[in-house]
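Participant: Sequence and predicted structure are below.
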Amino acid sequence: MSAAANRPVAFYGWHGIVEAWNFASKYAGKSGHLATLPEIVELRLGAEPGTNDSPWENWYTSTSAEYVGVGMDGRIKIIVAHGVGPMSTIDGIKAAYKWEWGDKTRCNNGGRISAQEFLSLEAGKYGRVRHVIPNDLIGQHERVIRMIDIAPVNVLDFQDYLDATGLTDGFNVFYRYLSTPDALRDPLIRMRLGSNAYRYLMKHERIAKDFHAKERPNDEYRQSEGLDDRDHPYITRVESSPNCTYTVRSNTTDGRTEEPRIPEEGYALAHLLNIEQFMRMHTAELGVMLATSPGVYEWFNGAKFVAVPPGATLKQGVLMSPRPDRAIRANWEHFMQAAEDDHTPVVPFLLEQSHGEWFTRYTRASPHEQSGDDRDVEFHVRSVEQVGDDGHFTTDEMFALRYNLTQVRAIMPREANAYEIVDHSPKGRDGLTTVWVRFYIADVDTSRRLPRTAEVARNYDRLMEVFVR
């Protein structure tokens, strides 16, 4: 393995959460682990935004999990567990989310654990437990307590939480944006972020204030002028699962209110926790903000785990594992393999230039029908010579660029055997898109070909051969 082996590395699952977990676990090794949400917070505390590889500019899935169920006292509780508990292994994760992916009726949403597992969490079977009370966060003179100990397992009474945070201006606690002072008083967001929540939220606020001061995005809108000058900009929110909500509406004498959702008998809600990258959010009431929020992972979401091998420290920052499509193009000689003797390419070739080299794309799935181009590169091109003038044709594609190769052949110079798409217009009022193409005589090496992106994406060893190469 490369010299980067002692650095934390983020692994995206091109084919789902199981692949992301398996790749990250293999990199971390038996003595390593995958990062919890508080550890991702630590990564961000040691970094600044503004670059593509910054942890502020990337989203992550964590090994922290959140559960909602009936506690030992018969009241609904929220439990946040970091790196321990029923969902601390991939088998546990698959078992919890089987509630959704294993439901042939497609009526079940979210994850579930058994009610007994929930009680075991609360009782300390999986690790030290802290019972968090909303008033724990407020000290003398209504000042926020900066440092609170977040345990491996943290329990919050759901109704106490709603009573303390409640419904404000019609916005449920899980849907309204928070400024730093609001977030610091919110026990659930601090349970999710961990013991460094104060430092993290203060740093987020500083970055957001710099953003508002330099870019002044709200000056573009008359209704939000002046909002960039707030002492405490809105920066985050406590999100629940959109398809498995934590609360339900109830009608009372005081009007419609929110109350804790009671899970199905014998079960508790169960989800991993994730965190968003920096995003420019815009609401009518609050204007433009620079936000990132800890949230609830749903089974159909993308997954990206941070592997922490033995000896690695989070202060070193996080690297991104190679993207298979980019790795193939950047290391094409390494990935080349002999082509089958009976393989007959479809002409004209569609060309792509990448990393200073020319390649052909794989033959489209339907070369004789209107269809989209394949995104994978197949053959290396030794040389190209442009011939003729650029041409164009129109197509009535809907959402992606779709056309028929006969349209290219109809305007192609006789000596050309390849083309490049140089531009295309948006759909016009007549429903047509104009596509401009350039033609070449290409010397294509058809004796060797590159593997499909999906093939490399599924092969950890092959992909990591070119990591920091």
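Facilitator: The structure has been received and is ready for your questions. Not measured: the values here are computed from a predicted model.
Participant: Please look at residue 129 and residue 155 and confirm they touch.
Facilitator: Yes - Residue 129 lies in contact with residue 155 (CB atoms under 8 Å); the separation is 6.2 Å. Any C-beta I mention is one placed from the backbone N, CA and C, and that applies to glycine too.
Participant: what residues do the two have in common as contacts?
Facilitator: Each of residue 122 lies in contact with both residue 129 and residue 155 under the rule CB atoms under 8 Å, 6 or more residues apart in numbering.
Participant: between these two, who's got more neighbours?
Facilitator: When residue 129 and residue 155 are compared for neighbours, residue 155 comes out ahead with 21 against 17, by other CB atoms under 10 Å.
Participant: how about the host helix or strand of that one as CSV, C-alpha atoms only?
Facilitator: Following DSSP states H and E, the helix or strand that holds residue 155 is strand 153-157. What follows is strand 153-157, C-alpha atoms only, in CSV (Å, rounded to 0.1, in the frame of the first residue of the first chain):
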residue,chain,number,x,y,z
VAL,A,153,-24.6,6.0,24.3
ASN,A,154,-26.8,9.1,25.0
VAL,A,155,-30.4,9.1,26.0
LEU,A,156,-32.9,12.0,25.6
ASP,A,157,-36.5,12.0,26.7
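Participant: Name every strand pairing with it and say which way it goes.
Facilitator: With DSSP bridges as the test, strand 153-157 is paired with strand 76-82 (antiparallel), strand 129-132 (parallel).
Participant: residue ranges for the strands of the stretch 201-350 of the chain, please.
Facilitator: Secondary structure of the stretch 201-350 of the chain (DSSP state E, counting those that start in this stretch): strands located at 234-236, 247-252, 255-260, 267-275, 279-283, 287-291, 294-296, 304-308, 319-320, 337-338, 349-354.
Participant: With respect to residue 218, which of the ones you listed lies nearest?
Facilitator: Taking CB to CB, strand 287-291 is the member of the strands of the stretch 201-350 of the chain nearest to residue 218, at 4.3 Å.
Participant: pretty sure residue 466 contacts residue 331?
Facilitator: Yes - if you go by CB under 8 Å, residue 466 and residue 331 touch, sitting 4.5 Å apart.
Participant: buried stuff in the longest helix along the chain?
Facilitator: Longest helix in the chain by number of residues, with DSSP state H as the criterion: helix 197-215. Residues of helix 197-215 classed as buried by neighbour count (16 or more other CB atoms under 10 Å): 197-201, 203-205, 207-209, 211-212.
Participant: thinking again about what came up before, more neighbours: residue 466 and residue 331, which one.
Facilitator: Using other CB under 10 Å, the more surrounded residue of residue 466 and residue 331 is residue 466, with 18 against 15.
Participant: ok, residues contacting stretch 89-107?
Facilitator: Applying CB under 8 Å, 6+ apart, the contact partners of stretch 89-107 are 17-18, 21-22, 25, 85-87, 108-113, 267, 270-272, 299.
Participant: nope, stretch 231-241 is what I meant
Facilitator: 109-110, 173-181, 183, 186, 188-189, 192, 201, 204-205, 208-209, 212, 246-247, 269, 271, 286, 289-296, 298.
Participant: ok, now which ones touch the spatially closest residue to residue 197 that is not a sequence neighbour?
Facilitator: Closest residue to residue 197 apart from its sequence neighbours, by CB to CB, 6 or more residues apart in numbering: residue 190 at 4.4 Å. Counting by CB under 8 Å, 6+ apart, residue 190 touches 132, 137, 148, 150, 183, 184, 197.
Participant: Is the last one in contact with residue 189, as I believe?
Facilitator: Yes - Residue 197 lies in contact with residue 189 (CB under 8 Å); the separation is 7.1 Å.
Participant: Give me the common contacts of those two.
Facilitator: Common contact partners of residue 197 and residue 189 (CB under 8 Å, 6+ apart): residue 183.
Participant: Just the pLDDT at residue 171, thanks.
Facilitator: pLDDT for residue 171: 59.
Participant: and which of the buried residues of helix 197-215 is nearest to residue 338?
Facilitator: residue 207 (51.2 Å).
Participant: Pull the number of nearby residues for residue 373.
Facilitator: For residue 373, using other CB under 10 Å, the count is 18.
Participant: got the contact list for it?
Facilitator: Residue 373 is in contact with 350, 361, 364, 401, 421, counting by CB under 8 Å, 6+ apart.
Participant: and what of residue 207?
Facilitator: With contact taken as CB under 8 Å, 6+ apart, residue 207 is in contact with 48, 49, 56, 278, 290.
Participant: how far away is the fourth one from residue 323?
Facilitator: Here residue 278 is placed at a distance of 20 Å from residue 323 (CB to CB, to the nearest Å).
Participant: in the lengthiest strand in the chain, what counts as buried?
Facilitator: If you go by DSSP state E, the chain has its longest strand at strand 433-445. For strand 433-445, the buried set under the neighbour-count rule, 16+ other CB under 10 Å, comprises 433, 435, 437, 438, 439, 440, 442, 444.
Participant: and if you look at stretch 34-46?
Facilitator: Going by 16+ other CB under 10 Å, stretch 34-46 has these buried residues: 34, 35, 36, 37, 38, 39, 40, 41, 42, 43, 44.
Participant: Equivalent analysis for stretch 87-94, please.
Facilitator: Of the residues in stretch 87-94, 87, 88, 90, 92, 93, 94 count as buried by neighbour count, 16+ other CB under 10 Å.
Participant: ok, back up a step: higher neighbour count, residue 278 and residue 323?
Facilitator: Legend: neighbour count by other CB under 10 Å for residue 278 and residue 323, higher for residue 278 (20 against 16).
Participant: For the stretch 351-469 of the chain, which segments are assigned as helices?
Facilitator: Using DSSP state H, counting those that start in this stretch, the helices of the stretch 351-469 of the chain run over residues 405-411, 453-457, 460-464.
Participant: wait, which of the ones you listed is closest to residue 63?
Facilitator: helix 460-464 (19.0 Å).
Participant: same question for the closest one, mean pLDDT?
Facilitator: Throughout helix 460-464, pLDDT has a mean value of 94.
Participant: Give the other helices and strands that it contacts.
Facilitator: Helix 460-464 makes packing contacts with helix 17-28, helix 453-457 when contacts are defined by 3 or more CB pairs under 8 Å, 6 or more residues apart in numbering; DSSP states H and E.
Participant: let's see it at 7 Å
Facilitator: helix 453-457 (3 or more CB pairs under 7 Å, 6 or more residues apart in numbering; DSSP states H and E).
Participant: now the helix it packs on: how far from the chain's centre is it?
Facilitator: Helix 453-457 sits 20 Å away from the centroid of its parent chain (CA atoms, centre = their mean, to the nearest Å).
Participant: try stretch 362-382
Facilitator: Relative to the centre of its chain, stretch 362-382 is centred 29 Å away, using CA atoms, centre = their mean.
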